[in-house]
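Asks: Only the shape, not the letters, is given here:
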């Protein structure tokens, strides 16, 4: 008899406890978890230079940290449970490494194609038959002599007798006073 009462008590208490846990989890599911991250306030940890978002006493959302030179060295996303911790920095580095490798491979293939086409052109030039072209000798072209136009090369006129004459026999430009 005592055994049956004990089993019924344990069964009843486990049912009541499980109902209480489900009510709490349902209350948490009413509000999307991203709202907790949006409403979080940041706490700065000076020893490791990190910004940690905290909402109702627990860490949620995106946290990040910087090294001594100011470069980001830590980025993670903290979900409602610690189990959902996601390292965003390693994910970003992995994705950027993949993009860099893809670009490197494309550039390498382009360089190989360019070098191969240049080698093919050189090989065609070497295998091409030699064609002799005779050039006709042309008269040497000499440009005409440049003679300035508008300059009078005739001898200067004799000075007029009215104009005062300088010692050389050239007329003075201005009459003396």
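Replies: That came in fine, so what should we check first? Since we're looking at a predicted model, the values are computed, not measured. Numbering: from 1, shown residues only.
Asks: where along this structure do the helices fall?
Replies: Secondary structure of the chain (DSSP state H): helices at 2-30, 33-39, 88-127.
Asks: can I get the ones you listed in a markdown table with mean neighbour count and mean pLDDT?
Replies: The C-beta positions use only the backbone N, C-alpha and C, and glycine is treated the same way. Formatted as a markdown table, these follow (neighbours: other Cβ atoms under 10 Å; pLDDT from 0 to 100):
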| stretch | mean neighbour count | mean pLDDT |
| --- | --- | --- |
| helix 2-30 | 9 | 68 |
| helix 33-39 | 14 | 81 |
| helix 88-127 | 10 | 91 |
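Asks: how about those helices in TSV, adding distance to residue 135?
Replies: Listed next are the helices of the chain as TSV, based on distance: least, Cβ to Cβ, whole Å:
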stretch	distance to residue 135
helix 2-30	93
helix 33-39	82
helix 88-127	21
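Asks: Just tell me which of those helices ends up closest to residue 78.
Replies: Closest of these to residue 78 is helix 33-39, at 8.3 Å (criterion: Cβ to Cβ).
Asks: Can you name every helix or strand that the closest one contacts?
Replies: Of the remaining helices and strands, those touching helix 33-39 by 3 or more Cβ pairs under 8 Å, 6 or more residues apart in numbering; DSSP states H and E are strand 50-55, strand 61-66.
Asks: nearest to residue 44, of those strands?
Replies: Of all those, it is strand 50-55 that lies closest to residue 44, at 5.8 Å by Cβ to Cβ.
Asks: Tell me what angle the closest one forms with strand 61-66.
Replies: Counting by axes from the mean of the first three to the mean of the last three Cα atoms, to 10 degrees, strand 50-55 lies at 160 degrees to strand 61-66.
Asks: picking that back up, could the helices and strands packed on helix 33-39 go into TSV alongside mean neighbour count, mean pLDDT and distance to residue 130?
Replies: Formatted as TSV, the helices and strands packed on helix 33-39 follow (neighbours: other Cβ atoms under 10 Å; pLDDT from 0 to 100; distance: least, Cβ to Cβ, whole Å):
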stretch	mean neighbour count	mean pLDDT	distance to residue 130
strand 50-55	18	90	75
strand 61-66	18	87	69
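Asks: Would you format those as JSON lines with distance to residue 5 included?
Replies: Converted to JSON lines, the helices and strands packed on helix 33-39 look like this (distance: least, Cβ to Cβ, whole Å):
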{"stretch": "strand 50-55", "distance to residue 5": "45"}
{"stretch": "strand 61-66", "distance to residue 5": "49"}
